[in-house]
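> The following block contains a protein sequence and its predicted model.
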Amino acid sequence: MEEREAAVVVDTRGLACPMPVLNTKRALAKIEAGQILKVIATDFGSESDIPVLVKRLGHELVAASRNDEVFTFLIRKR
């Protein structure tokens, strides 16, 4: 996943729950429909919490990956 694909990058590394979810929700509210948000997190809860948030809000989870203890998500706002 490359940053150039994303309109906005939210780096929540080092933040504990619920901050990655709250920061993701705030960032999604600020971007335009069709734009991509990239979220980087280290909180293990993010692995399940971010996809649940995206689905609940009606957006598209384009990609999700894990590299050691870093989770990366690409979310397309609808």
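Looks like it arrived, so ask away.

> From start to finish, how long is stretch 65-78 in a straight line?
21 Å (Cα to Cα, to the nearest Å).

> err, stretch 26-37, not the other one
Terminal-residue distance, stretch 26-37 (Cα to Cα): 11 Å.

> shift numbering so it begins at 41
Yes, from this point I'll number from 41; that puts the last item at stretch 66-77.

> what residues does that stretch touch?
Stretch 66-77 has contacts (Cβ atoms under 8 Å, 6 or more residues apart in numbering) with 45-50, 64, 79, 97, 99, 102, 114-118. Quick note: C-beta positions are derived from backbone N, CA and C, even for glycine.

> Now it: average pLDDT?
Mean pLDDT, stretch 66-77: 97.

> which residues in the chain form helices?
59-70, 86-97 (DSSP state H).

> Switch the ones you listed over to TSV; also include mean neighbour count.
Below are those laid out as TSV (neighbours: other Cβ atoms under 10 Å):
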stretch	mean neighbour count
helix 59-70	17
helix 86-97	16
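
> Reformat those as TSV; add distance to Asn107.
Shown next, in TSV, are these (distance: least, Cβ to Cβ, whole Å):
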stretch	distance to Asn107
helix 59-70	16
helix 86-97	12
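
> From the centre of the protein, point out the most distant residue.
Asp108 (17.1 Å; Cα atoms, centre = their mean).

> tell me the pLDDT at the residue nearest to Gly85 when sequence neighbours are not counted?
Leaving aside its sequence neighbours, Gly85 sits nearest to Cys57 (Cβ to Cβ, 6 or more residues apart in numbering; 4.5 Å). Looking at Cys57, its pLDDT reads 93.
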